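Visitor: here's a sequence, model it:
(one chain, ligands or ions: 2)
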Amino acid sequence: MSESTIAFIGGGNMAHSLVGGLIAGGRSPQHLWVADPFVDQLDTHRHRHGINVTQENTEAAAHADVIVMAVKPQILREAAAQIASIVQERQPLVLSIAAGLREPDISRWLGGNVPVVRAMPNTPSLLRCGATALYANPSVSAAQKTLAEEIMAAVGMALWVDEEAHMDAVTATSGSGPAYFFLVMEAMENAARSLDLPPELARRLVLQTALGAARMANEGDDDPATLREKVTSPGGTTAAALEVLREQGLEECFRKALTAARDRSQTLSDEFGRD
Ligand SMILES: NC(=O)C1=CN([C@@H]2O[C@H](COP(=O)(O)OP(=O)(O)OC[C@H]3O[C@@H](n4cnc5c(N)ncnc54)[C@H](OP(=O)(O)O)[C@@H]3O)[C@@H](O)[C@H]2O)C=CC1
Ligand SMILES: O=C(O)[C@@H]1CCC=N1
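Guide: Ligands and ions are numbered 1, 2, ... in the order given. Predicted structure coming up:
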């Protein structure tokens with residue numbers, strides 16, 4: 001079977017992550033398009049990835065078997081309207097990665113009865129280490145479902161959800177999730193520096209520790225709680241630190257943070273979805 005052509009509408013951060021991951025996974029640059037109004041953005045894609053670029057969304061859409069809507073939620077409606085007639089004529093699979101916006105709104109903006117998969121990837125897709133959840137509307141064929149899953153699985157883990165409503169919590173968990181871990185890394189690095197560790201040493205120790213912990217949690221048999229217990233000697237240094245993190249309400253803090261992200265995903269739909 002010949003390789004599908006994928007067009008990204010919007011060439012920003014997430015398009016870079018997905019295009020980079022797809023190329024690293026062996027997808028041919030000539031089968032990838034990016035459309036973005038800004039020439040600098042397109043030049044970066046051309047030089048970094050060697051793919052096809054255009055300022056016209058319609059030109060990219062006209063080549064595509066799969067159209068990835070990778071613009072900000074507030075732009076999606078306008079971008080969908082621009083390519084609606086091409087989508088109606090050619091019936092490609094439309095894969096929206098926009099936070100919050102609901103499949104029925106996206107399908108309607110594209111003229112109705114369009115196969116739409118909503119996907120929520122994350123930036124580690126660049127390293128083919130992404131986590132993506134997918135939801136398909138009833139117009140998506142079995143072959144298109146397989147195609148959407150193949151694309152996202154090429155850049156990491158791809159899991160289906162049965163209910164679109166789960167996508168808001170997914171966005172709060174894995175879509176935004178890399179930022180939480182980066183913040184923890186920043187906070188640990190700053191704390192280590194405040195204990196007089198040289199900056200370079202502090203950074204390298206924090207980053208390698210994050211990598212090691214993530215690999216142990218993913219590759220071993222123990223769950224995170226067991227792994228934590230194995231680090232924590234009774235009356236030792238880890239116990240002293242964990243006590244402070246508990247006292248300061250770390251768990252509650254994450255619960256509130258993810259709830260805020262989930263709620264923001266829902267209000268994005270109210271603000272920029274519907275008519
Ligand atoms: N960043 C992330 O970690 C994740 C983002 N997402 C979702 O992906 C989508 C894109 O996010 P992200 O890549 O971070 O955003 P960016 O702002 O980095 O990328 C969007 C790009 O689209 C361009 N653009 C603006 N208007 C149009 C238009 N009419 N047609 C085509 N392109 C246009 C923007 O240009 P300009 O900037 O000049 O306006 C920008 O280059 C969002 O909907 C977001 O919710 C999903 C998962 C993770
Ligand atoms: O912050 C955002 O709204 C987007 C969606 C998930 C990650 N970035």
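Visitor: residues of the stretch 151-275 of the chain that sit close to ligand 2?
Guide: 171, 175-176 (CB under 6 Å from any ligand atom). From N, CA and C alone the C-beta is placed, and that goes for glycine too.
Visitor: okay, those residues in a markdown table with neighbour count, pLDDT and secondary structure next?
Guide: Shown next, in a markdown table, are these (neighbours: other CB atoms under 10 Å; pLDDT from 0 to 100; DSSP: H, G, I helix; E, B strand; the rest coil):
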| residue | neighbour count | pLDDT | secondary structure |
| --- | --- | --- | --- |
| 171 | 24 | 98 | helix |
| 175 | 25 | 98 | helix |
| 176 | 20 | 98 | coil |
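Visitor: from these, which is closest to ligand 1?
Guide: The nearest member of those to ligand 1, counting by CB to the nearest ligand atom, is residue 175 at 4.4 Å.
Visitor: and the stretch 1-150 of the chain, which of its residues are near ligand 1?
Guide: Counting by CB under 6 Å from any ligand atom, the stretch 1-150 of the chain sits next to ligand 1 at 9-15, 35-38, 41, 57, 70-73, 75, 78-79, 97-99, 120-123.
Visitor: in ChimeraX, select just the buried ones from those.
Guide: Selection of buried members from those for ChimeraX, criterion 16 or more other CB atoms under 10 Å:
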select :9,10,11,14,15,35,36,41,57,70,71,73,79,97,98,99,120,121,122,123
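Visitor: narrow the residues of the stretch 1-150 of the chain next to ligand 1 to those in helices?
Guide: 13-15, 41, 57, 73, 75, 78-79 (DSSP state H).
Visitor: so which bits of stretch 25-37 are buried?
Guide: So, applying 16+ other CB under 10 Å, buried residues of stretch 25-37: 27, 31-36.
Visitor: can I get those in JSON lines including distance to ligand 2?
Guide: Shown next, in JSON lines, are these (distance: CB to the nearest ligand atom, whole Å):
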{"residue": "27", "distance to ligand 2": "23"}
{"residue": "31", "distance to ligand 2": "26"}
{"residue": "32", "distance to ligand 2": "22"}
{"residue": "33", "distance to ligand 2": "23"}
{"residue": "34", "distance to ligand 2": "18"}
{"residue": "35", "distance to ligand 2": "20"}
{"residue": "36", "distance to ligand 2": "17"}
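Visitor: what sits against the closest residue to ligand 1 within the stretch 1-150 of the chain?
Guide: Relative to ligand 1, the nearest point of the stretch 1-150 of the chain is residue 12 (1.8 Å; CB to the nearest ligand atom). The neighbours of residue 12, taking CB atoms under 8 Å, 6 or more residues apart in numbering as the test, are 36, 41, 70-72.
Visitor: just checking, what packs against the biggest helix by length in the chain?
Guide: When the chain is scanned for its longest helix (criterion: DSSP H), the result is helix 250-272. Helix 250-272 makes packing contacts with helix 73-90, helix 166-170 when contacts are defined by 3 or more CB pairs under 8 Å, 6 or more residues apart in numbering; DSSP states H and E.
Visitor: residue 158 is nearest to which of those?
Guide: Among the helices and strands packed on helix 250-272, the nearest to residue 158 by CB to CB is helix 166-170 (11.9 Å).
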